[in-house]
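>>> sequence first, then the predicted structure:
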Amino acid sequence: MIDKKKLLSPELIAIATGNPAAIANRCTSADHRLACQLLGLTVGLFGLSLQVHAAGGHHAVDDAAILAPGQCQLETWFDRDSHGARSLIHIGPACRVGPVELGLNLDNTHVTDIGATTAVGPQIKWAHQLTEALSAGVVFGANWQDRSPSFVASTVVFPLTWAASETVTIHVNVGRDFRRGGEPDTDRAGAALEWAPVPAWTFVAERFRESNMDHWRAGVRYVLSQNASIDLSRAKGLHGSEPAWWTVGLSWAFAR
């Protein structure tokens, strides 16, 4: 699902990271081009020899896949800054309805000295298998919060997934956040790789750009059962003094 933490108002993000000046500087530098970002992210990814099969969940890079017909899923996660300034609880139900997957993102973010903010956002996702190993899709989402401005942004993301081998899957995303309240729109892009050496364990990593900020994330996924899994990851900004954050998540799929 789309990372709703990155769609909070810029003021909250700046205070939560403890570096408002750095964020303001990034938000005003609009000289980058999306294609260059994507190329840079992809090169950086392979240079690390890591990456994620961000099959939804709390990962920023999404996959080009949706639930099977008649199936639903509940994703939930908790993340916290290493400095303890910000924490987030997410609940995200989704179901396959005809050719698309309909979801709802519910987030409660707590920032020290500010308090809690609740955000709600519907999401629709479509994906199509182009070849046996390649799939493409599109994700539309929106975000409202219980403080001004109430409507924060709408988002479109185009995910591409390539099954490079039986154990390695690569994902690439490009998209854009259409912000309201006088804030400039921002591009988003990312590349991810998932390595599953054994059926129960998957090692993931990703590098992504959101809200004019670059991040990396590395983590692991353990399959608890045929329909349930648990994720643990650590993410960090590539520049400035933004704190790292840890995330633990659970995913459960079931038939309607």
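That came through, no problem. Please read all numbers here as calculations on a predicted model, not as lab measurements.
>>> strands of the stretch 51-200 of the chain, residue ranges please.
71-81, 86-97, 100-111, 115-129, 134-145, 151-163, 168-179, 186-198 (DSSP state E, counting those that start in this stretch).
>>> in this structure Val223 contacts Asp231, no?
No: counting by Cβ atoms under 8 Å, Asp231 is not a contact partner of Val223; they are 10.5 Å apart. Heads up, the C-betas are built off the backbone N, CA and C, glycines and all.
>>> which of those two has more residues huddled nearby?
Using other Cβ atoms under 10 Å as the criterion, Val223 and Asp231 rank with Asp231 on top: 23 against 16.
>>> how close does that one sit to Val111?
Distance of Asp231 to Val111, computed by Cβ to Cβ, to the nearest Å: 23 Å.
>>> same thing with Pro159?
30 Å.
>>> neighbour count winner among the two?
Higher neighbour count among Pro159 and Val111: Pro159, with 24 against 19, using other Cβ under 10 Å.
>>> any stretches of the chain with poor pLDDT?
Scanning the chain with the threshold set as pLDDT under 70 gives 1-56.
>>> on that earlier part again, dump the strands of the stretch 51-200 of the chain into CSV; add distance to Val204 as well.
CSV is the format used below for the strands of the stretch 51-200 of the chain (distance: least, Cβ to Cβ, whole Å):
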stretch, distance to Val204
strand 71-81, 14
strand 86-97, 18
strand 100-111, 20
strand 115-129, 19
strand 134-145, 18
strand 151-163, 13
strand 168-179, 10
strand 186-198, 5
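>>> quick one: which of these is nearest Glu206?
Across those, Glu206 has its closest neighbour in strand 186-198 (3.7 Å, Cβ to Cβ).
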